[in-house]
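Student: here's a sequence, model it:
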Amino acid sequence: MKLIKNKLRQIDSKTLLRLLAVVSVAALACLALSQGKVQVPSVNIGLGPSKGANDVSSSLQILALLTVLSIAPAILILTTAFSRIIIIFSFVRSALGTQNIPPNQVIVGLSLFLTFFVMAPTYEKIHSQALQPYLNKKITMDQAFERAQKPLREFMLKNTYEKDLVLFLDIRGEKPKTRDDVSLITLIPAFVISELKTAFIIGFYIFVPFVVVDLIVASALMSMGMMMMPPIVVSLPAKLLVFILADGWSILVSAVLSGYR
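Tutor: Below is the predicted model:
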């Protein structure tokens, strides 16, 4: 047992991520085979002389796929609604003054599932237009990537301020003729900045009513001569009561989701 524990301690995080990626690919392959709908090619990892150019190309494609899986969290954060949603929820927690309530795990989990809800139409297009044709060997990997970019580009362009997009286009010296000609290298940072700007604007509107409650409570305590009593002792229950009576979570989630229609 001690030998096994020592071996586990020697495994670094990168090795664990690689093992996780391999296990995930294997699980997806088993699921597809069990359904009998998609024919999944076998994957063999090893070193040896190649039989031709096709073997080298397939190996490079597998390597590229594993690389994409390793940077999947960054792709999820920067090309979806996750950034805006989690920042808004963080502002709500700060405005309420509840510190670590809700916990970070709850905020991240709720933001993640709301992100899946918002991105479902886009991912359905990617699945039907790019992934399924590629798995059925009707198109090549390059064509699949090209088709997958279109729905994602449409989503990001729809939620990017024109001013931010023009900023990065001018920096790179690009002059695209159509929306489809905008490169992802330029679009992604413009989209991220727009999401941050929108999240901070919403955060400002979230803070206003809670600041008013704090001012009212502080003024009431001062008028009663209770200067030694911390205002947060009274303002926190008052803010929670206002948030509950206004059905704050439902209104907040509804406002966030309506911004992506």
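
Student: residue 187 is in contact with residue 154, isn't it?
Tutor: No. Look at residue 187 against residue 154 with Cβ atoms under 8 Å: they stay out of range, at 10.6 Å. For every residue, glycine as well, the C-beta is placed using N, CA and C.

Student: was I right to think residue 130 contacts residue 141?
Tutor: No. Using Cβ under 8 Å, residue 130 is not in contact with residue 141, being 9.8 Å away.

Student: so between the two, which is more surrounded?
Tutor: Higher neighbour count among residue 130 and residue 141: residue 130, with 21 against 14, using other Cβ atoms under 10 Å.

Student: what about the more buried one, distance to residue 179?
Tutor: 19 Å (Cβ to Cβ, to the nearest Å).

Student: do the same with residue 145
Tutor: For residue 145, the distance to residue 179 equals 18 Å [Cβ to Cβ].

Student: cool, residue 198 as well?
Tutor: From residue 198 across to residue 179, the span is 20 Å (Cβ to Cβ).

Student: more neighbours, the two?
Tutor: More crowded of residue 198 and residue 179, by other Cβ under 10 Å: residue 198, with 18 against 12.

Student: where in this structure is pLDDT low?
Tutor: 1-61, 68, 231 (pLDDT under 70).

Student: show me where it has its strands.
Tutor: Counting by DSSP state E, the chain forms no strands at all.

Student: longest helix in it, by residue count?
Tutor: As assigned by DSSP state H, the longest helix anywhere in the chain is helix 184-223.

Student: just give the closest residue to residue 174, not the sequence neighbours.
Tutor: Spatial nearest neighbour of residue 174, chain neighbours left out: residue 186 (6.1 Å); criterion: Cβ to Cβ, 6 or more residues apart in numbering.
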